[in-house]
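Asks: Model the following, please.
(chains A, B and C)
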Amino acid sequence: MEEQVENTEQTAPVPPKKENYFITGAKKLFQAGIPRKSLYDYQNVPPTEEELKENILIVNHLKKYFPVESNLIGRPIRYLKAVDDVSLKIPYGKTLGIVGESGCGKTTLGRTLLGLYDKTTGEVYFDGKNITDYNERQTNAIRKDMQVIFQDPYSSLSPRFSIGGIIGEGVLVHKIVPRNQIKDYVINLMERCGLQPQYYERYPYEFSGGQRQRICIARALAVNPKFVVCDEPVSALDVSIQAQILNLLRELQQERKLAYMFISHDLSVVQHVSDSVGVMYLGSMVECGPTDRIFDNPMHPYTKSLLSAVPVPDPRRKKDRIILQGSIPSPANPPSGCRFHTRCPECMEICKTKAPVYREYEGGHSCACHLYPQE
Amino acid sequence: MKEKKNGYISFKESREIVKYNKTQIRYYEKLKKRKHIPEEEYLATMRNPENLVEFDDLHTFFFTDTGTVKAVDGVSFDIPAHSTVGVVGESGCGKSVTSLSLLRLVQAPQGQIVSGSIRYRTKDGACYDITKLPQDMMEKISGKEISMIFQEPMTSLNPVFSIGYQLDEVSLLHIEGATKESARQKSIEMLKLVGIANAEGVYKSYPHELSGGMRQRVMIAMALCCRPNLIIADEPTTALDVTIQAQILDLLRELKEKLDSSIMLITHDLGVIAEMADFVVVMYAGKVIETGTVFEIFDNPCHPYTIGLLKSKPVINKKVDELYCIKGRVPSAVDLPDYCYFRDRCDMCTDACAGKYPGFVQLTPTHKVACYLYDTKQS
Amino acid sequence: MDNEENKTAGAPQDNPADGEMNTVGGSENLSDRAKVLSPARLVLKRFFRSKLSVIGLVTLLLLYLICFIGPLFSNMTYETIDYNGAENSQSTEITYTVDGEEFKMYDITYTESINLKAYPSAKHWLGTDENGRDVLMRVLYGGQISLTIGLVVVVLETLIGVILGGIAGYFGKWVDQIIMRIVDIFYCIPQMPILLICSAILAANEVNGIARIYWLCLVLVFFGWAGTARLVRGQILSLREQEFMLAERSMGVPVRRKIFMHLIPNVLPLLIVQMTLGLGSVILTESTLSYLGLGVPIPYATWGNIIQALRDFTTLQYHFHIWGPPGICIMLAVLSFNFVGDGLRDAFDPKMKK
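Replies: Okay, the predicted model is just below:
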């Protein structure tokens, strides 16, 4: 083991926080058996004081690999790279939208940075603190500051708990208000989220999707979080209910200065709610920038085709779209070079062999594509 | 008494409902199970010979434990030949049940077509009332003349049989004199038709080896095997990604031209409707509230619900600060009173709305709306 | 309800709206009009939909009632022997001659016999067995023991199963591996030979009477928990992946609360079903063992050891009243438990909407 670690040190660029990095890195290597090189192929730069002050969440080179194949002694030999080297920042009180098709890792990204999945590598700074190496107990303590709203309001509510119990649970666990005031607190919150107080004793199965999503929102907000990951909160809902929920989320954001990470496959919804947008494809971020820039002049060919694929409720605007051929490759076996090259309408020779660098261009607009200067 | 306050059904009420359901279900099942149904009962004439399907005052009810759900409550609209009719509405508005009634696939014994008729013109020109057709004749029509594409491509293919086997089965079942070899050729031809490049390979593969989009293509191939007159597409792209959705919609449009059939497209996505449909039917709580051509509906929506739907969907590159939203929720179709069901969610409510459920107002020869707003304007 | 009006009519007319509810312009929301069934009624309704499970439930209740209350009305118990058999007086006349004179000697013996294998009569409704004990009383007392053993065994089994299965399912990894391998071992132990050995050991150590019943329970529990553990583990594994458990995690709910407040209540319905079905099979196993003479020892009655009478060929042929009733009882009890179990499964399963 020791020999191997020494090797790594030689081949990899020396990380700035050497000692700490050395230990945690080695530990993780041993646990996951990941090819060493892939862990160190970036220069880790900790965020500056200013960045920490501005952003509630900073994610540096986050990776989440799921083992898909193991050898005889149970060591994984092949990985599904669900999230592969994603970096992002979310300022206080702002919304970052994440779009992508199914299997692009957007949900995994959200869950990993909440600590619901163990991260493979990468650093997460939350609310000015580096929470990368927090253990279970420390994580539980900050859980009340970061909450999540799931996509499926049917399976995300415990079926044998009453609505009051579901919303009040976090309050009880984190001792937000004294025990005897929980009921009043919960009923207050329910009313704020558009639920009638008499639903307190009811059970989730009695409610429609929209109401359940309101319950989920109330549950998430009951612990006064600063940051909420909304994982496709409206995609299971009807159009008129969607608008209600989106408006509710927006009002709550303004009231409580919440920061959202809004994950969705619906570009129109993301455009409506987000201050900045990240586009994901097969586990990595292909483009990220302020909403206006992304939607007005998208850089990456994938973003362009996504935008043109969205059906527009206008019968006169028809058929001037780029239709992508083929389907999304499996993330367990991604194509070489640029991952999008198999479907890209502007694919060049270099795309097939060399992965483009994800770098920032003008106006906070980042992109990973060979069409633009790489250095 | 306490239970009533909770909104729960009391024991007595529950018993009444069960009793009522029993008598009703028995009555309709008996009607269906008759050995000889006289021909005059199911022969019909079309109102307009250009139409392929005419729904006429269709009522499909579900007799459930919580009461009678009027899933489809007096629906009338036409599907003209060679056109796409989009049925749009939120979940629970009865759009799927309408299409299932057309194939007589409503889940019995709870679900029953209670009254009304669905007139259908077959390929050889005969005209039948599908609601009263004997079961054996129905089997000849469904699958062969009317076929359906379901929402979930994952679950509508049988995972233990190969794609080829399942496709062959359709041809063997519906095409007379089909042999195994001819069925195979037909299947591969169909797979090529739906834009699968590697048709031979897909023919041999199993459903789990294909992606969602591919599966939906296979489903479409299966539905088109017998060159149907009418394709019912029930939310064909809801489970798919946007880029795949664009592919499938393109394919459907192309195939419709090629095969010269009609499509009944059921969806909640107005964008899809705008792209695909020639005629639009907007449904709310089991009733049709507005019908018209796609241009009439999108350029000049009249029913407050249609207006609200169009406004509440965020549209790319059209910035609004706050979305318009229709307040309240969709009522469940149990025991609804006789006034406009949209009244309590409506922003444009007038005094007239207090009255009975509004009838249709004909705005143009194709545009109809069920709302009092336009009644008063005309009079 | 509006339904009253046209429940007799074949084809429904449009229900005229209820005048009371149709207050025009009232604040009542259309979407709140629909009433739903309360959770308890939903379960009851689905249960009572199946006629067989209702019959099963009634039979079980009757069995329990009769077995536990019936004996109170009789002065006999399971070991009272009826000594009032037919009186036999036997006189033997011995004649002998002494010196030509004839003497007669009478040797009279009275035997007070046991009233054994008596046919049903007003005194013994189901007759008596080969030891002259009232069959009805034995069946009733036997029922008490059989039904109680079933309950005790199943409850203990479930307890162990839930704890071990729950731990295995929740923590996974090596904990799961160890517990599940133990379960596997239990699955491949042949039960019958082990039970035979156990009973031999018990007999050799002269464990008798009530103690033997306790030991029997323990042995049955020992062999029974594995199935429950496996079931619970499977359930918890699938529940653990549900989004609501992720939601609990993101809420920072402690592990103990997660297991006992969220996971176990969700497994509970399935457990109840499993327990009901298990009750039937425990009664069967107990009867088999008792029949083989391994179970509850003889002075005590259980349904199984009453049937033991069948070993005697004449009893099998002529005395149905001795072995028939306990046999029917076993059959009824096991069938009913199965019916009730099936009914409960349908009732708790949210997918069974019909």
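Asks: so where do the strands sit in the stretch 151-300 of chain B?
Replies: B:230-234, B:262-267, B:279-284, B:287-293 (DSSP state E, counting those that start in this stretch).
Asks: partner strands of the longest one, parallel or antiparallel?
Replies: Looking at strand B:287-293 with DSSP bridges, its partner strands are strand B:279-284 (antiparallel), strand B:368-369 (antiparallel).
Asks: Identify the residue nearest the residue of the stretch 151-300 of chain C found nearest chain A in space, chain neighbours excluded?
Replies: Nearest residue of the stretch 151-300 of chain C to chain A, counting by CB to the nearest CB: C:G252, 3.4 Å away. (C-beta placed from N, C-alpha, C; glycine too.) Leaving aside its chain neighbours, C:G252 sits nearest to A:R143 (3.4 Å; criterion: CB to CB, 6 or more residues apart in numbering or on different chains).
Asks: do B:V53 as well
Replies: B:V53 sits nearest to B:I79 (CB to CB, 6+ apart), 4.1 Å away.
Asks: Could you check the pLDDT of C:L335?
Replies: C:L335 is assigned a predicted lDDT (pLDDT) of 90.
Asks: my hunch is that it is in a helix, does that hold up?
Replies: Yes - using DSSP: H, G, I helix; E, B strand; the rest coil, the assignment for C:L335 is a helix.
Asks: ranking the strands paired with strand B:287-293 by burial, who's on top?
Replies: Compared across those, strand B:279-284 shows the largest average neighbour count, a mean of 26 (mean count of other CB atoms under 10 Å in any protein chain shown).
Asks: what angle separates that strand from strand B:262-267?
Replies: Here strand B:279-284 points in a direction 40 degrees away from that of strand B:262-267 (axes from the mean of the first three to the mean of the last three CA atoms, to 10 degrees).
Asks: on that earlier part again, OK, contacts around the residue of the stretch 151-300 of chain C closest to chain A?
Replies: By CB atoms under 8 Å, 6 or more residues apart in numbering or on different chains, the contact set of C:G252 is A:T139, A:N140, A:A141, A:R143, A:K144, A:G170, A:V173, A:H174.
Asks: Tell me the most packed of those, by neighbour count.
Replies: A:G170 (25 neighbours; other CB atoms under 10 Å in any protein chain shown).
Asks: Regarding the residue in chain A that chain B sits nearest to, what is its secondary structure?
Replies: Residue nearest to chain B within chain A (CB to the nearest CB): A:P311, separated by 3.0 Å. Under three-state DSSP, A:P311 falls in the coil class.
Asks: Pretty sure A:K106 sits against A:F262.
Replies: No - here A:K106 does not reach A:F262: they are 10.2 Å apart, not a contact under CB atoms under 8 Å.
Asks: between the two, what contacts are shared?
Replies: A:I98.
Asks: did I read that right, C:N131 in a strand?
Replies: No - counting by three-state DSSP, C:N131 falls outside a strand, being coil.
Asks: now it: how far from A:N180?
Replies: 67 Å (CB to CB, to the nearest Å).
Asks: When the two are compared, which one has more neighbours?
Replies: Between C:N131 and A:N180, counted using other CB under 10 Å, C:N131 has the larger neighbour count: 15 against 7.
Asks: Centre of the chain to stretch B:355-369, how far?
Replies: 21 Å (CA atoms, centre = their mean, to the nearest Å).
Asks: For chain B, which residues are neighbours of chain C?
Replies: B:3, B:6-9, B:11, B:13-14, B:16-17, B:19-20, B:23-24, B:27, B:61, B:65-68, B:110, B:114-115, B:328-332, B:334-339, B:341, B:343-345, B:354 (CB under 8 Å from any CB of the partner chain).
Asks: Just the ones in helices from these, please.
Replies: Counting by DSSP state H, the residues of chain B next to chain C place B:E3, B:N6, B:F11, B:E13, B:S14, B:E16, B:I17, B:K19, B:Y20, B:T23, B:Q24, B:Y27 in helices.
Asks: so which two of those residues are the farthest from each other?
Replies: For these, with distances taken as CB to CB, the pair at the greatest spread is B:N6 and B:Y27 (32.8 Å).
Asks: can you give me the helices for chain A?
Replies: A:2-11, A:18-32, A:36-40, A:49-54, A:106-113, A:136-142, A:163-174, A:182-192, A:209-221, A:239-256, A:267-273, A:291-296, A:301-309, A:349-353.
Asks: I meant chain C, not that one.
Replies: Going by DSSP H, chain C shows helices at C:39-49, C:51-69, C:135-171, C:173-188, C:191-204, C:210-240, C:243-251, C:255-257, C:264-291, C:303-307, C:313-318, C:320-348.
Asks: List the buried residues of stretch B:249-268.
Replies: B:249-253, B:255-256, B:261-268 (16 or more other CB atoms under 10 Å in any protein chain shown).
Asks: same thing with stretch B:201-218?
Replies: Buried residues in stretch B:201-218 (16+ other CB under 10 Å): B:202-203, B:205-207, B:210-218.
Asks: Ok, stretch B:310-324 next?
Replies: B:L310, B:K311, B:S312, B:K313, B:P314, B:V315, B:I316, B:L323, B:Y324.
Asks: quick one: contacts for the residue nearest to B:E322 when sequence neighbours are not counted?
Replies: Excluding its sequence neighbours, the residue lying closest to B:E322 (CB to CB, 6+ apart) is A:N247, at 6.1 Å. Going by CB under 8 Å, 6+ apart, A:N247 touches B:E322, B:L323, B:C325.
Asks: Contacts only, for the residue nearest to C:Y291 when sequence neighbours are not counted.
Replies: Distance criterion CB to CB, 6+ apart; nearest residue to C:Y291, sequence neighbours excluded, is C:G304 at 4.8 Å. Neighbouring residues of C:G304 by CB under 8 Å, 6+ apart: C:G142, C:S146, C:E286, C:S287, C:T288, C:L289, C:S290, C:Y291, C:G295, C:V296, C:P326, C:I330.
Asks: 10 Å instead?
Replies: For C:G304, the contacting residues are C:142, C:145-146, C:283-296, C:326-327, C:330, by CB atoms under 10 Å, 6 or more residues apart in numbering or on different chains.
Asks: give me the low-pLDDT residue ranges for the chain?
Replies: Picked chain A for this. Along chain A, segments meeting pLDDT under 70 span A:1-44, A:74, A:317-320.
Asks: my bad, chain C
Replies: Ranges of chain C meeting pLDDT under 70: C:1-37, C:39, C:82-89, C:110-113, C:349-354.
Asks: At the geometric centre of it, which residue do we find?
Replies: C:L279 (4.2 Å; CA atoms, centre = their mean).
Asks: Residue 191: what's it in contact with?
Replies: You didn't say which chain, so I picked chain A. A:P197, A:A218.
Asks: wrong chain, I was asking about chain C
Replies: The contact partners of C:Q191, by CB under 10 Å, 6+ apart, come to C:V219, C:L220, C:F222, C:F223, C:G224, C:T285.
Asks: What subset of these is buried?
Replies: C:V219, C:L220, C:F222, C:F223, C:G224, C:T285.
Asks: Next, count neighbours for the closest residue to B:K287 other than its chain neighbours.
Replies: Among residues not flanking B:K287 along the chain, B:D73 sits closest, at 5.5 Å (CB to CB, 6+ apart). Neighbour count for B:D73, taken as other CB under 10 Å: 24.
Asks: quick one: B:D73 is in a strand?
Replies: Yes - under three-state DSSP, B:D73 falls within a strand.
Asks: B:A333 is in contact with that one, correct?
Replies: Yes - in this structure, B:D73 is within contact of B:A333 by CB atoms under 10 Å, at 7.0 Å.
Asks: Return every residue with contacts to both of those two.
Replies: With CB under 10 Å, 6+ apart as the test, B:D73 and B:A333 both reach B:F61, B:G94, B:A285, B:G286, B:K287, B:Y341.
Asks: quick one: which of those is nearest chain A?
Replies: Checking those one by one against chain A (CB to the nearest CB), the nearest turns out to be B:A285, at 12.4 Å.
Asks: what about the closest one, neighbour count?
Replies: 24.
Asks: need the contact list for the closest residue to it other than its chain neighbours.
Replies: Distances taken as CB to CB, 6+ apart place B:Y341 nearest to B:A285, at 4.4 Å, with adjacent residues excluded. For B:Y341, the contacting residues are B:73, B:284-287, B:289, B:305, B:330-331, B:333, B:357, B:370, C:30-31, by CB under 10 Å, 6+ apart.
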